[in-house]
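Novice: The following comprises the amino acid sequence and a computationally predicted model.
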Amino acid sequence: MGILDKKTITDLINRKQPFSVSFKYADSAFLMMVGGIFVKMLTAHDQLYLLNSVISIIREVMANAQKANAKRLYFAVKGLNINRPDDYNKGMERFKVDFMYNADEMSAYLLKSDFTVTVDFSITENDISIGVTNNAALNQREKERIGYRVKKAEVYKNLMDAYEDIQDESEGAGLGIAMIMVTLRNIGIDRSLFTIKGGDHTTTVSLNIPRQIKPVDISTRVKEKIVRDVRDLPPFPTNVVRILDLCDDPDSSLDSIAGGIMSDPAITTGVMKLSNSAGFISGKRIESVLQAVRILGIRNIRSMVLASSARRIIEERYSKYEEIWEHSNRVGGYARGIGSAFHTPLIAEKALLAGLLHDLGKIILLAADPDTAKTIARQVKNRKLITETFMEEISIGISHSTIGGLIAEKWNFPDYLTDAIRRHHDPLNAGKESEQVAHAVYLANLFCGIETDKYEYYYCYESILEKYGLADESAFNRLHESLKKDYES
């Protein structure tokens with residue numbers, strides 16, 4: 001069975017009927033469809049919080065199955081016997097360079113071949129089962145290598161242990177298996193529920209997800225330091241709280257709010273800088289605080305005071321991560337544009353603020369252990385993971401979005417803002433009150449990631465694309481270009 005339509009898939013899941021999809025080469029449409037299947041299945045079991053982890057595991061398994069097929073095809077094209085040690089060594093020296101890293105050539109060969117990968121899905125009242133089967137048997141060397149890696153991975157407490165231990169990534173299997181094993185432990189799935197079985201002509205990797213699981217807390221030195229750092233952050237200064245209260249008081253005049261801001265040179269500087277930034281820009285340059293208050297409105301001014309004060313506290317304790325702030329400004333601008341186009345002016349203003357502050361946690365993570373952060377970023381890009389939060393959680397035990405949520409709680413940010421910061425990589429789990437803001441920031445962040453080759457269109461959740469009428473990639477690209485043009489002009 002090839003690609004099923006969404007209505008049929010939904011019907012099969014609702015009726016708890018097993019089904020299969022197959023591919024020769026997993027293109028972006030197929031990967032997006034599989035992600036959509038997991039959204040539906042995990043939602044049915046109230047386990048949507050597992051989404052990023054499950055997608056990452058199965059995409060790793062699918063990639064390995066496709067790679068095993070491609071490897072055999074490559075060996076056949078080169079006239080090499082994959083079961084002969086000399087030929088195996090010779091073939092693997094060039095496989096990655098000639099084939100594995102050449103997606104166009106690999107897909108062209110696989111699409112014309114007899115090699116396929118089948119993904120079987122099953123859902124019952126008690127569990128979800130996924131099986132990935134490719135029509136190529138493991139040879140002896142592959143069996144030994146996988147067995148060795150599985151055994152090694154069982155002792156890793158977190159993925160950082162694997163980074164330090166695995167020196168040979170010539171075939172890429174070591175870190176992938178370690179990632180899967182650590183993830184299973186992290187989300188509370190027993191190792192025995194993940195199996196690799198070889199047949200005479202096939203290899204099947206299976207995962208069973210029980211309805212009742214108990215996630216394990218990963219504790220690392222880096223996580224403990226980060227939690228301490230957040231706990232030790234100072235509260236918002238009294239003068240900032242006073243200005244925020246003025247903004248919240250319906251009896252406050254514009255003059256009194258402007259006066260409160262101008263009483264603090266640092267807040268004045270922050271407000272003036274943000275009021276002339278691309279996110280808030282009103283069409284003409286703003287020359288004074290009173291002008292900013294009158295033109296941009298009290299809600300926007302409140303957002304500026306909150307955002308600039310949060311940034312100042314973070315920058316006083318850590319290095320100035322200008323790249324992160326510039327990224328956050330752009331995300332805020334794009335999120336505001338999305339809010340204006342698809343929601344309401346109020347949602348647009350809330351999305352702007354959430355975008356400006358969505359990566360607060362990343363600065364603390366980078367400051368706590370820059371080498372680990374760089375390693376995680378590299379692996380996310382190399383393995384084409386849909387979000388770095390998944391890798392952060394299994395490497396150090398906490399993600400930058402969770403850190404940001406802790407900071408927001410520490411500073412008593414509004415509930416919608418705290419949740420949007422915490423869910424900006426996990427929008428489908430956002431609460432009702434913050435859903436629209438979180439979705440706008442998620443989409444804005446995705447657009448910005450695409451501009452830096454960090455993300456691709458198919459990384460986006462299908463349900464988000466459908467919500468905004470962006471299921472057609474051309475519509476997605478048009479919105480992106482429009483937001484970019486507005487921001488940069």
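Specialist: Arrived safely, thanks for sending. Numbering: from 1, shown residues only.
Novice: wait, isn't residue 480 in contact with residue 447?
Specialist: Yes - when contacts are counted by Cβ atoms under 8 Å, residue 480 is listed as touching residue 447 (4.9 Å). Every C-beta, even on glycine, is put in place using the N, C-alpha and C of the backbone.
Novice: When those two are compared, which one has more neighbours?
Specialist: Taking neighbours as other Cβ atoms under 10 Å, residue 480 and residue 447 compare with residue 447 leading, 25 against 20.
Novice: Show the contacting residues for the more buried one.
Specialist: 334, 480, 483, 484 (Cβ atoms under 8 Å, 6 or more residues apart in numbering).
Novice: ok, now how distant is it from residue 269?
Specialist: Taking Cβ to Cβ, to the nearest Å as the measure, residue 447 falls 29 Å from residue 269.
Novice: Return the backbone torsion pair for residue 456.
Specialist: The phi and psi values for residue 456, taken as degrees, to the nearest 10, are phi -130, psi 160.
Novice: Provide a list of residues in contact with it.
Specialist: The contact partners of residue 456, by Cβ under 8 Å, 6+ apart, come to 28, 384, 450.
Novice: quick one on the thing from earlier: for the contacts of residue 447, which single residue is the most surrounded?
Specialist: If you count neighbours using other Cβ under 10 Å, the busiest of these is residue 334, which has 30 neighbours.
Novice: Look up the pLDDT of residue 414 for me, please.
Specialist: Residue 414 carries a pLDDT value of 94.
Novice: Correct me if wrong, but residue 79 is in a helix.
Specialist: No - under DSSP: H, G, I helix; E, B strand; the rest coil, residue 79 falls outside any helix and is assigned coil.
Novice: Give the full set of residues in contact with it.
Specialist: Residue 79 makes contact with no residue, according to Cβ under 8 Å, 6+ apart.
Novice: go on, the one 5 residues further on?
Specialist: If a contact means Cβ under 8 Å, 6+ apart, then residue 84 has no contacts.
Novice: What does the pLDDT read for it?
Specialist: At residue 84, pLDDT is 90.
Novice: With residue 173 instead?
Specialist: Per-residue pLDDT puts residue 173 at 54.
Novice: Do a quick rundown of the helices in the stretch 151-300 of the chain.
Specialist: 159-165, 173-187, 221-231, 238-248, 254-262, 265-275, 289-296, 298-317 (DSSP state H, counting those that start in this stretch).
Novice: mean confidence for the first one?
Specialist: I take that to be helix 159-165. Here the average pLDDT along helix 159-165 is 82.
Novice: which parts of that helix are buried?
Specialist: Buried residues in helix 159-165, counted by 16 or more other Cβ atoms under 10 Å: 159, 160, 161, 162, 163.
Novice: next one: stretch 450-462
Specialist: Result for stretch 450-462 [16+ other Cβ under 10 Å]: buried residues 450, 455, 458, 459, 460, 461, 462.
Novice: which one among those gets closest to residue 24?
Specialist: Residue 24 lies nearest to residue 458 out of these, by Cβ to Cβ, at 17.3 Å.
Novice: part of a strand, is the closest one?
Specialist: No - going by three-state DSSP, the assignment for residue 458 is helix, not a strand.
Novice: Return the residues in contact with the closest residue to residue 277 other than its chain neighbours.
Specialist: Closest residue to residue 277 apart from its sequence neighbours, by Cβ to Cβ, 6 or more residues apart in numbering: residue 329 at 5.7 Å. Residue 329 makes contacts with 277, 278, 279, 356, as judged by Cβ under 8 Å, 6+ apart.
Novice: same thing but 10 Å
Specialist: Contact partners of residue 329, counting by Cβ atoms under 10 Å, 6 or more residues apart in numbering, are 274, 277, 278, 279, 280, 307, 352, 355, 356, 487.
Novice: how about the buried residues of helix 159-165 in TSV, adding distance to residue 88?
Specialist: TSV is the format used below for those (distance: Cβ to Cβ, whole Å):
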residue	distance to residue 88
159	28
160	31
161	29
162	25
163	27
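Novice: tell me which of those is nearest to residue 235?
Specialist: Distance to residue 235 across the buried residues of helix 159-165 (Cβ to Cβ) is lowest for residue 160, with 32.4 Å.
Novice: Please report the distance of the closest one from residue 189.
Specialist: As for residue 160, its distance to residue 189 is 21 Å (criterion: Cβ to Cβ).
Novice: Can you list the residue ranges for helices in the stretch 301-450 of the chain?
Specialist: Under DSSP H, counting those that start in this stretch, the stretch 301-450 of the chain gives helices at 322-342, 345-357, 360-368, 370-382, 388-396, 400-410, 415-422, 435-451.
Novice: Now do the buried residues in the longest one.
Specialist: By that I understand helix 322-342. Neighbour counts over helix 322-342 (16+ other Cβ under 10 Å) mark 324-325, 327-340, 342 as buried.
Novice: can you tell me which of the helices of the stretch 301-450 of the chain the model trusts least?
Specialist: helix 370-382 (a mean of 86).
Novice: which parts of that helix are buried?
Specialist: Across helix 370-382, burial judged by 16+ other Cβ under 10 Å covers 372, 373, 375, 376, 379, 380.
Novice: what does stretch 340-349 give?
Specialist: Applying 16+ other Cβ under 10 Å to stretch 340-349 flags 340, 342, 343, 347, 348, 349 as buried.
Novice: Out of these, the closest to residue 430 would be?
Specialist: Distances from residue 430 to those, taken by Cβ to Cβ, are shortest for residue 347, at 12.8 Å.
Novice: Tell me the spacing between the nearest residue to residue 442 once chain neighbours are set aside and residue 434.
Specialist: Closest residue to residue 442 apart from its sequence neighbours, by Cβ to Cβ, 6+ apart: residue 427 at 4.0 Å. Distance of residue 427 to residue 434, given as Cβ to Cβ: 9 Å.
Novice: Need the overlap of contacts for these two.
Specialist: 420, 441.
Novice: what's the closest of the helices of the stretch 151-300 of the chain to residue 148?
Specialist: With Cβ to Cβ as the measure, helix 173-187 is the member of these nearest residue 148 (8.8 Å).
Novice: From the chain's centroid, how far away is the closest one?
Specialist: Relative to its parent chain, helix 173-187 has a centroid offset of 17 Å by Cα atoms, centre = their mean, to the nearest Å.
Novice: what's the helix or strand for the residue nearest to residue 98 when sequence neighbours are not counted?
Specialist: Once flanking residues are discounted, residue 98 sits nearest to residue 74: 7.1 Å by Cβ to Cβ, 6+ apart. Per DSSP states H and E, residue 74 falls inside helix 51-77.
Novice: angle of that helix against helix 370-382?
Specialist: 60 degrees (axes from the mean of the first three to the mean of the last three Cα atoms, to 10 degrees).
Novice: what's the angle from whatever helix or strand comes next after helix 51-77 to helix 51-77?
Specialist: Under the assignment DSSP H and E, the closest C-terminal helix or strand after helix 51-77 is helix 85-95. Using the same axes, to 10 degrees, the direction of helix 85-95 lies 120 degrees away from that of helix 51-77.
Novice: Show the low-confidence segments of this protein, by residue range.
Specialist: Applying pLDDT under 70 to the chain flags residues 1-3, 167-174, 281-283.
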